[in-house]
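Participant: Need a 3D model of the sequence below.
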Amino acid sequence: MNDQFYPEPGLIILFGSGETSPTGRKIFERVFRSLPKSPRLALLETPAGFELNSDQVINRVGDFFSHRLQNYSPQVEIIPARKRGTKNSPDEPEIVAPLLNADMIFMGPGSPTYAIRQLRDSLAWYYLIARHRLGAAIALASAATVAFSSYALPVYEIYKVGEDLHWQEGLDFFKLYGLQLVFVPHWNNQEGGKELDTSRCFMGQERFARLLDMLPDEMTVIGLDEKTALVMDPSKCECYVSGMGKVTLLHTGHKHTQYGHMHPSIDMTMKITGTDDNMAEIAEQHGGHVQQYLDGQHFPMSEIGAFQPYHPEACLPPSIWQKAIQARELSKREILSVPPEIILMLISEREAARKRKDWAAADELRKQIDKLGWEVSDAKDGPVFMKIPITNIN
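Facilitator: Predicted structure coming up:
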């Protein structure tokens, strides 16, 4: 594959919590400034698909985008890919088709383990990977953040049901980039107050230390504080933190060279290595170390692991990748079919000239439109215009 024919992969935004809070809004505003005008958002319902009110859960997120970010005129579409083997299956082409046109794909509330079961090797999953490789951003919160891990924390099974401590195989999205990552949102949760430690996504520090013993070596655990997001930019091989808390990188089985290969724009003085708990000691016991970053701090993806780009042909069925390419080309043609403001203004002036029967002025305006690469003709319902192919422009 020659990568120059395709855009860079899109941003990846991972929330510790608070995706629809005022803090989340500020984070999305920054992300939206990197997206096309009036971005197309696909909200994947899957993580909450087992809930009877899953449509209400995801629609609340849709309302957040439509109303709190209305200045960006987002086009929001819900993808009700709830359960395999039903009419709303993540394998149903008509249900998941909008993913191929999305500028940003969002997944959030629900159950991590349910999302993994429904999405693994599904059509929706392949579409998500393909669309991200072609430039779409991926925004993840709570359950979806956990599900994207190499090993997913079964939060409800342990915290609510009382199952023994264990991990489940995750969707392992970042394996595409050569990374072994485990994401833990709600890293600094304090809902239990002084009586109950609910940090580390409700596991508590003592139980989480035991969970770490169960992970393979060479992992990087990424703790995401509440109302905080880690934004990864694969095109720049860079990450930054945004929000009210911090992001913790807990490396096991390996230690990075201090600072790695720094991007020229990264201020090395912004890096902090101190922690406010026993994580440094635990990481040392596992042959690793801890790094922490606060709001506004940037660091290279090499600090997370041996980041490497991937070719979609190596991880996607050929038919899926071709369908994604075709959808992208069709989308580009649709964008080109919308005239810029100068053309719309000239068309309006030409219509005004025709109404006052100033045929000479109307003809002159038609020529101006033609020179700018657009063709206008007259129909019963008004003017019809189209983009002139480049080879036909004089």
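
Participant: What ranges does this structure have for its helices?
Facilitator: 22-32, 54-63, 93-96, 112-119, 123-133, 143-147, 155-159, 199-202, 205-213, 279-285, 318-336, 341-355, 359-371 (DSSP state H).

Participant: Which other helices and strands does the second one contact?
Facilitator: Here helix 54-63 touches strand 40-44, strand 75-79, going by 3 or more Cβ pairs under 8 Å, 6 or more residues apart in numbering; DSSP states H and E. C-beta here means a position set from N, CA and C on the backbone, and glycine is covered the same way.

Participant: 10 Å instead, please
Facilitator: Counting contacts by 3 or more Cβ pairs under 10 Å, 6 or more residues apart in numbering; DSSP states H and E, helix 54-63 is packed against strand 40-44, strand 75-79, strand 104-107.

Participant: The fifth one too?
Facilitator: Using 3+ Cβ pairs under 10 Å, 6+ apart as the contact criterion, the elements in contact with helix 123-133 are strand 40-44, strand 75-79, helix 93-96, strand 104-107, helix 112-119, strand 137-141, helix 318-336.

Participant: Name the residues that touch the third one?
Facilitator: Read it as helix 93-96. Contacts to helix 93-96, defined as Cβ atoms under 10 Å, 6 or more residues apart in numbering, come from residues 42, 44-46, 79-82, 86-90, 122-128, 323.

Participant: now do 8 Å
Facilitator: Helix 93-96 is contacted from outside by 79-81, 87-90, 123-124, 127, using Cβ atoms under 8 Å, 6 or more residues apart in numbering.

Participant: Narrow these to those that are buried.
Facilitator: 79-81, 88-90, 123-124, 127 (16 or more other Cβ atoms under 10 Å).

Participant: ok, back up a step: present the helices of the chain as TSV; the columns should include mean pLDDT and distance to G223.
Facilitator: Output for these, formatted as TSV (pLDDT from 0 to 100; distance: least, Cβ to Cβ, whole Å):
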stretch	mean pLDDT	distance to G223
helix 22-32	97	17
helix 54-63	95	23
helix 93-96	96	31
helix 112-119	98	16
helix 123-133	97	24
helix 143-147	98	11
helix 155-159	95	14
helix 199-202	96	7
helix 205-213	95	9
helix 279-285	79	8
helix 318-336	81	33
helix 341-355	88	47
helix 359-371	90	57
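
Participant: Now tabulate those in a markdown table and tack on distance to Q75.
Facilitator: Shown next, in a markdown table, are the helices of the chain (distance: least, Cβ to Cβ, whole Å):
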| stretch | distance to Q75 |
| --- | --- |
| helix 22-32 | 12 |
| helix 54-63 | 11 |
| helix 93-96 | 17 |
| helix 112-119 | 23 |
| helix 123-133 | 15 |
| helix 143-147 | 21 |
| helix 155-159 | 32 |
| helix 199-202 | 33 |
| helix 205-213 | 40 |
| helix 279-285 | 42 |
| helix 318-336 | 12 |
| helix 341-355 | 20 |
| helix 359-371 | 28 |
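
Participant: circling back to that earlier point, between the helices and strands packed on helix 54-63, which one is closest to G16.
Facilitator: strand 104-107 (15.0 Å; Cβ to Cβ).

Participant: Can you tell me what sits against the closest one?
Facilitator: With Cβ under 8 Å, 6+ apart as the criterion, strand 104-107 contacts 10, 31, 35, 39-44, 46-47, 61, 65, 99, 115, 128, 131-132, 136-141, 143-144, 147.

Participant: picking up where we left off before, now render the buried ones among the contacts of helix 93-96 as TSV, adding distance to P309.
Facilitator: Output for the buried ones among the contacts of helix 93-96, formatted as TSV (distance: Cβ to Cβ, whole Å):
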residue	distance to P309
I79	27
P80	33
A81	28
N88	34
S89	31
P90	26
L123	24
A124	23
Y127	20
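
Participant: domain ranges for this protein?
Facilitator: 3-328, 337-392 (automatic domain parsing).

Participant: right, so these: which one is the most enclosed?
Facilitator: When these are scored by mean count of other Cβ atoms under 10 Å, the highest mean neighbour count falls to domain 3-328 (a mean of 19).

Participant: Let's see the distance spanning stretch 34-50 from one end to the other.
Facilitator: Separation of the first and last residues of stretch 34-50 by Cα to Cα, to the nearest Å is 33 Å.

Participant: Quick check: closest non-adjacent residue to P47.
Facilitator: G110 (2.8 Å; Cβ to Cβ, 6 or more residues apart in numbering).

Participant: cool, Q75 as well?
Facilitator: R40 (4.7 Å).

Participant: what's the closest of the contacts of helix 93-96 to L165?
Facilitator: P90 (29.2 Å).

Participant: still on that earlier bit, out of the contacts of helix 93-96, which two sit at the greatest distance?
Facilitator: Farthest apart among the contacts of helix 93-96 - using Cβ to Cβ - are K87 and Y127, which lie 17.9 Å from each other.

Participant: Output the below-cut-off pLDDT ranges for the stretch 151-300 of the chain.
Facilitator: For the stretch 151-300 of the chain, the stretches flagged by pLDDT under 70 are 254-277.
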